[in-house]
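Trainee: this is a predicted model, with the sequence first.
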Amino acid sequence: MGINKVAVIGAGQMGSGIAQVAAQAGCEVRLYDAESERVSRSLAGIEKQLSGGVAKGKWTQEQAEQARSRIRAAGSLQEAGEDADLIIEAIIENMNAKKTLLAELDSVASAQTILASNTSSLPVTELASVTGRPEQVIGMHFMNPVPVMKLVEVIRGLRTSDETYATVAELAERMGKTALEVRDFPGFVSNRILMPMINEAVYTLYEGVASAEAIDGVMRLGMNHPMGPLALADLIGLDTCLAIMETLHDGFGDSKYRPCPLLRSYVHAGWLGRKSGRGFYSYEG
Ligand SMILES: CC(=O)CC(=O)SCCNC(=O)CCNC(=O)[C@H](O)C(C)(C)COP(=O)(O)OP(=O)(O)OC[C@H]1O[C@@H](n2cnc3c(N)ncnc32)[C@H](O)[C@@H]1OP(=O)(O)O
Ligand SMILES: NC(=O)C1=CN([C@@H]2O[C@H](COP(=O)(O)OP(=O)(O)OC[C@H]3O[C@@H](n4cnc5c(N)ncnc54)[C@H](OP(=O)(O)O)[C@@H]3O)[C@@H](O)[C@H]2O)C=CC1
């Protein structure tokens, strides 16, 4: 089954990027968020991205307008999901919130619709368990920033069908991404490897080994990483980083995945990184 109609639930940084690349791949997109204001902000951001791409010669004005016209705000989950071929959820990284949402989506979507989660660490098999269609539930893990990064990590739950996998992988390729198949283990491959490095960078700061700038400088200049781990944590969102570490810690039961107390404090303080204006660095003004 080829995908033409996509619903994106959650209009944060990931949902916005996913809506944009889906529209640019020729899909009709419905975008929904619990806060309608977020959808308006997201549409304005996508508009800016699309016109910025025209100015840089990445695509034509006509292509940008066509992509923009394919994305519409949805006023309810029902409106977003009722005629979608694929629904991609990109709400907060929280098992209960995602399970509640998936159960609702299962009841509004048609029987053929595939339900995909952009979760960065949560077990897809468990997410699928609240639906009556576990064969059509899959992890479609985009990387941030979505329009730039070439990978979609595709996570098969225990009951995900071959057809669902093939359909989602085909769409990822149509979006100009490379789909890599991964089994359903905590953190999958990407965050099992990336997030302990970020957590270790936070410990290095916590223990006063070096300043944030020096820690990031070591990894940028010494390892050729495009950005340091603390700046990357700010880009991802510290709430998301903490949630991923908790999933690794709970899922493996191994103390090597314990989240750094400093990461926890920052999240409690509301210092979530770029999205809140402050994390390990300040983004205000
Ligand atoms: C947590 C998870 O579950 C999984 C994850 O996503 S982990 C995070 C994965 N992502 C990374 O590791 C990102 C690492 N960082 C990078 O690759 C780069 O620093 C970066 C792409 C973010 C910025 O690159 P840069 O060279 O420092 O800055 P800049 O020159 O401004 O941007 C490079 C290009 O990316 C684009 N870009 C940067 N940020 C963007 C954004 N938020 N949205 C869209 N495009 C963006 C720019 O427009 C620019 O495009 P052109 O080359 O066509 O002009
Ligand atoms: N940040 C990253 O680098 C990456 C994140 N991911 C994953 O993508 C998902 C989203 O992350 P990200 O975009 O960064 O997070 P954001 O915080 O930017 O966005 C989440 C959005 O979902 C909304 N939301 C929360 N609960 C609901 C709900 N029940 N129904 C509808 N909308 C809801 C939030 O609204 P409000 O704030 O008003 O509640 C917010 O607009 C997470 O699962 C994360 O793990 C995957 C890859 C990379």
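Mentor: Right, received. Where do you want to start? Just so it is clear, the structure is predicted and the values come from calculations on it, not from any experiment. Residues are numbered from 1 along each chain as shown. Ligands and ions are numbered 1, 2, ... in the order given.

Trainee: helix/strand/coil for the residue of the stretch 151-285 of the chain found nearest ligand 1?
Mentor: Ranked by CB to the nearest ligand atom, the top residue of the stretch 151-285 of the chain for proximity to ligand 1 is Pro226, at 3.7 Å. C-beta coordinates here come from the backbone N, C-alpha and C atoms, glycine included. Secondary structure assignment for Pro226 (DSSP: H, G, I helix; E, B strand; the rest coil): coil.

Trainee: next, the buried residues of stretch 142-150.
Mentor: Neighbour-count burial for stretch 142-150, counted by 16 or more other CB atoms under 10 Å, picks out 142-144, 146-147.

Trainee: please convert these to a markdown table, extending it with secondary structure and pLDDT.
Mentor: Listed next are the buried residues of stretch 142-150 as a markdown table, based on DSSP: H, G, I helix; E, B strand; the rest coil; pLDDT from 0 to 100:
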| residue | secondary structure | pLDDT |
| --- | --- | --- |
| Phe142 | strand | 98 |
| Met143 | coil | 98 |
| Asn144 | coil | 98 |
| Val146 | coil | 98 |
| Pro147 | coil | 98 |
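
Trainee: which one of the residues you listed sits closest to ligand 2?
Mentor: Comparing the buried residues of stretch 142-150 against ligand 2 with CB to the nearest ligand atom places Asn144 closest, at 3.2 Å.

Trainee: and stretch 26-43, anywhere near ligand 2?
Mentor: Yes. Counting by CB under 6 Å from any ligand atom, ligand 2 is contacted by stretch 26-43 at 33-35, 38.

Trainee: show me which pair in those is furthest apart.
Mentor: Within these, Ala34 and Arg38 form the most distant pair, 7.9 Å apart (CB to CB).

Trainee: phi, psi for the residue in the stretch 1-150 of the chain positioned nearest to ligand 2 please.
Mentor: For the stretch 1-150 of the chain and ligand 2, the shortest gap (CB to the nearest ligand atom) falls at Gly12, measuring 1.8 Å. The phi/psi pair for Gly12 (degrees, to the nearest 10) reads phi -80, psi -160.

Trainee: okay, it: pLDDT?
Mentor: pLDDT, Gly12: 97.

Trainee: quote the end-to-end distance of stretch 114-124.
Mentor: Stretch 114-124 has an end-to-end distance of 13 Å (CA to CA, to the nearest Å).

Trainee: flag every buried residue along that stretch.
Mentor: Buried, per 16+ other CB under 10 Å, within stretch 114-124: 114-124.

Trainee: now do stretch 44-53
Mentor: So for stretch 44-53, counting by 16+ other CB under 10 Å, buried means 45-46, 49-50, 53.

Trainee: cool, and stretch 79-91?
Mentor: 80-82, 84-91.

Trainee: rebuild those as TSV, extending it with distance to ligand 2.
Mentor: Conversion of the buried residues of stretch 79-91 to TSV gives the following (distance: CB to the nearest ligand atom, whole Å):
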residue	distance to ligand 2
Ala80	10
Gly81	12
Glu82	16
Ala84	15
Asp85	20
Leu86	16
Ile87	12
Ile88	10
Glu89	8
Ala90	4
Ile91	4
